[in-house]
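S.K.: This is a predicted model, with the sequence first.
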Amino acid sequence: MPNLSELKNEISNIKDIRKITGAMELVATSKLKKISKRMGNIQTYLDEVYEVFNYIISHSEDSIYLKKPNQKLSSTLWIVIGSNLGLCGGYNSNIVKVLKPLINKKTDSVFAIGTKVINFCKANGINMKEQFTDIDVDFSNEYSREMSVNLLNYFVQKEFDQIKIVYTKFINNVTFEPKVLDMFPIEKKVDNSDTYEDVILEPDPETVLTTSVSMYLNTILFGTIIESQVSEQASRRMTMEAANKNGKELSESLRVMLNRKRQENITQEISEIIAGVNAQNED
């Protein structure tokens, strides 16, 4: 059992750690509020864009962006969205678990977003097409547009047969899960809704798709990065909250041990005094 000095030092160390985790929890909470507000503001716009493009895609017959029947796809560019910082629970490890069994190291490359994704690729010998470490809660639509231009060029120039996004879908403040989203080629789905039945696509759906596909890609990329940012901050807040709780419980447990040890020492000292007094009386 540790002595009094060791117990006091351990309690002091835990107290210092709780100050750090408490501060990190406050920072994560503040960032979560900020990015959640941004996601709420753009969610309606994103939903509308998805709906319009689904309509355009469903009415297009032939395009380089559409997946053809029995088309063979050999190389993939994976857009993987992770974090720059750790201490966010299983946020990054869950992304890696999804990516690892799917990626082909010989033919595929990663469009790495976040230091943790970059480190994973380097450690596993995975080729990176591009890498970004400057994306946070202030990520802008303009930055997303610049990234989308490069991504579209990779596909149009046939450097890759397909592009997929691995990101973390935000469900609520305690639930978020990794998802794989197919970007290109686009799999055509039949649109049975009558929302845009009176819309006429001029000069034709294929041309409209070609001229507006960059906005489609930018919208999805921007939306998935924002959603991943929300998930990261929510995960970090939960992790720091749990660390604070565990630290408090451990500190209380050590204080009980400290009090018991102190009581044992006092009892032992009293016993030694009594034994000394008795020994003198016998003399």
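M.R.: Right, received. Where do you want to start?

S.K.: The helix or strand containing K169 pairs with which strands, and in what direction?
M.R.: Using DSSP states H and E, K169 sits within strand 162-172. For strand 162-172, sheet partners with direction are given as strand 76-81 (parallel), strand 175-184 (antiparallel), following DSSP bridges.

S.K.: Next secondary structure after the longest one?
M.R.: Per DSSP H and E, the first helix or strand lying C-terminal to strand 175-184 is helix 205-282.

S.K.: what's the spacing between that next one and its chain's center?
M.R.: Its chain's average C-alpha position is 19 Å from that of helix 205-282, according to Cα atoms, centre = their mean, to the nearest Å.

S.K.: who does it touch, helix- and strand-wise?
M.R.: Counting by 3 or more Cβ pairs under 8 Å, 6 or more residues apart in numbering; DSSP states H and E, the packing neighbours recorded for helix 205-282 are helix 4-58, strand 76-81, helix 91-99, helix 141-156, strand 162-172, strand 175-184. Backbone N, C-alpha and C define where each C-beta goes, glycine included.

S.K.: burial measure for V156, as a count.
M.R.: 13 (other Cβ atoms under 10 Å).

S.K.: meant to ask about N244, not that
M.R.: N244 has 18 nearby residues by other Cβ under 10 Å.

S.K.: do you know how far it is from F160?
M.R.: 44 Å (Cβ to Cβ, to the nearest Å).

S.K.: try I79
M.R.: From I79 to F160 the distance is 11 Å (Cβ to Cβ).

S.K.: Let's have the strands paired with strand 162-172 in a markdown table, adding mean pLDDT and mean neighbour count.
M.R.: Listed next are the strands paired with strand 162-172 as a markdown table, based on pLDDT from 0 to 100; neighbours: other Cβ atoms under 10 Å:
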| stretch | mean pLDDT | mean neighbour count |
| --- | --- | --- |
| strand 76-81 | 92 | 24 |
| strand 175-184 | 87 | 17 |
